[in-house]
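Visitor: Prediction below, plus the sequence it came from.
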Amino acid sequence: MTNNTSGLISAVDIRYNDNLVFSKVHETETVTGWFRCSPFRVDLLDPKDVVPTTIRYQVTNMCQDLQENMTLSWIVVDQSCTGTGSACSNTSIPVSVQRHWLTSEIQVRFATILVGDRGGSTEFVQCGIIVTFGGSDMHVREVSLQVEDMDGINLNGKDSLVILQRAIESGERKKGRREEKKERYGEFLRMKRERKERNLRIEGRMDALCVAFGVSIFIAFWIFVMFKL
């Protein structure tokens, strides 16, 4: 660990059937302007890196097997705090497992829903973790974390850091039963869908008003021209 006190430490364990298949500690700097303005993303592996696992590939029910038997622990420690805390920890079960139709890579998604700013698109945010396994070899090819608002937009480093620090300072730890986690994630997706539908209705009304305004201006112009003739 470096002497820099302005960074995030991520400690990650991935287990399959209670056996450890991936473990890593990663440090992310948080002081540069690039970090604060760019979309927040923590990548534990470089694109060229792969980590072998002992998971045996199954042609038929691999996705279901991972859904039922894979767990993940991701602990985030903020070095700028006087004490230590954690957020996005014990995000224990996948909320979805999908196989890519072309590459056969399997993408496992974990999610923790955190409270953001009251009102607006960041009232609740999704701390989403993606684990990608490469085809039949089941090597780990990607482990990444991003923070997404209810509009589906990835937050930048500055906004993500505020939300993570708030969770850390409150000592928030996301535990709970499998059903509770799925219900919380499902509720987030429902709010996200309702917000999108509401925004589309508002945009539709605004478009209708703009069209009506344009038509009224057009009619008024021709009435003015007719009276001038």
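Guide: Received it, and whenever you're ready, just let me know what you need. As the structure is a computational prediction, the values presented were derived from the model and not from experiment.

Visitor: Now the spatially most central residue of the chain: phi and psi?
Guide: Nearest to the geometric centre of the chain sits residue 128, at 3.1 Å (CA atoms, centre = their mean). Phi and psi for residue 128, reported as degrees, to the nearest 10, are phi -100, psi 130.

Visitor: per-residue confidence at the residue lying closest to residue 152 once chain neighbours are set aside?
Guide: Spatial nearest neighbour of residue 152, excluding adjacent residues (CB to CB, 6 or more residues apart in numbering): residue 192 at 6.9 Å. All C-beta atoms are positioned from the backbone trio N, CA, C, and that covers glycine. We have a pLDDT of 80 for residue 192.

Visitor: Show me the beta-bridge partners of the residue nearest to the centre of the chain.
Guide: For residue 128, the beta-bridge partners are residue 111, residue 146 (DSSP bridges).

Visitor: so who does residue 93 touch?
Guide: 67, 70-71, 110, 178, 181-182 (CB atoms under 8 Å, 6 or more residues apart in numbering).

Visitor: Secondary structure, distance to residue 201 and pLDDT for those residues - can I get that in TSV?
Guide: Output for those, formatted as TSV (DSSP: H, G, I helix; E, B strand; the rest coil; distance: CB to CB, whole Å; pLDDT from 0 to 100):
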residue	secondary structure	distance to residue 201	pLDDT
67	helix	35	92
70	strand	39	94
71	strand	40	93
110	strand	32	92
178	helix	35	66
181	helix	31	73
182	helix	29	76
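
Visitor: Where neighbours are concerned, which of these has the most?
Guide: The residue in the contacts of residue 93 with the most neighbours, by other CB atoms under 10 Å, is residue 110 (25 neighbours).

Visitor: tell me the contacts of it?
Guide: 72, 74, 91-95, 128-131.

Visitor: Just the ones of the residues you listed in helices?
Guide: Among the contacts of residue 110, no member falls in helices (criterion: DSSP state H).

Visitor: Please pick the buried ones from those.
Guide: 72, 74, 91-95, 128-129, 131 (16 or more other CB atoms under 10 Å).

Visitor: follow-up on the earlier one: now for the residue nearest to the centre of the chain: which residues touch it?
Guide: Residue 128 makes contact with 109-111, 145-148, according to CB under 8 Å, 6+ apart.

Visitor: Domain parsing of the protein, as residue ranges.
Guide: Using automatic domain parsing, the domains assigned to the chain come out as 7-175, 177-229.

Visitor: pLDDT weak spots in the chain?
Guide: 1-6, 80-91, 118-122, 169-179, 229 (pLDDT under 70).

Visitor: rerun that using 90 as the cut-off
Guide: In the predicted model of the chain, residues 1-10, 28-36, 47-48, 56-61, 74-93, 100-104, 111-127, 134-137, 149-153, 161-229 satisfy pLDDT under 90.

Visitor: just the contacts of residue 93 now: which is nearest residue 32?
Guide: residue 110 (27.5 Å; CB to CB).

Visitor: can you pull out the strands in the chain?
Guide: Listed in chain order, the strands of the chain (DSSP state E) span residues 7-16, 19-29, 42-43, 70-78, 96-99, 106-115, 124-134, 139-148.

Visitor: Nearest to residue 188, out of the ones you listed?
Guide: Across those, closest to residue 188 is strand 106-115 (CB to CB), at 4.8 Å.
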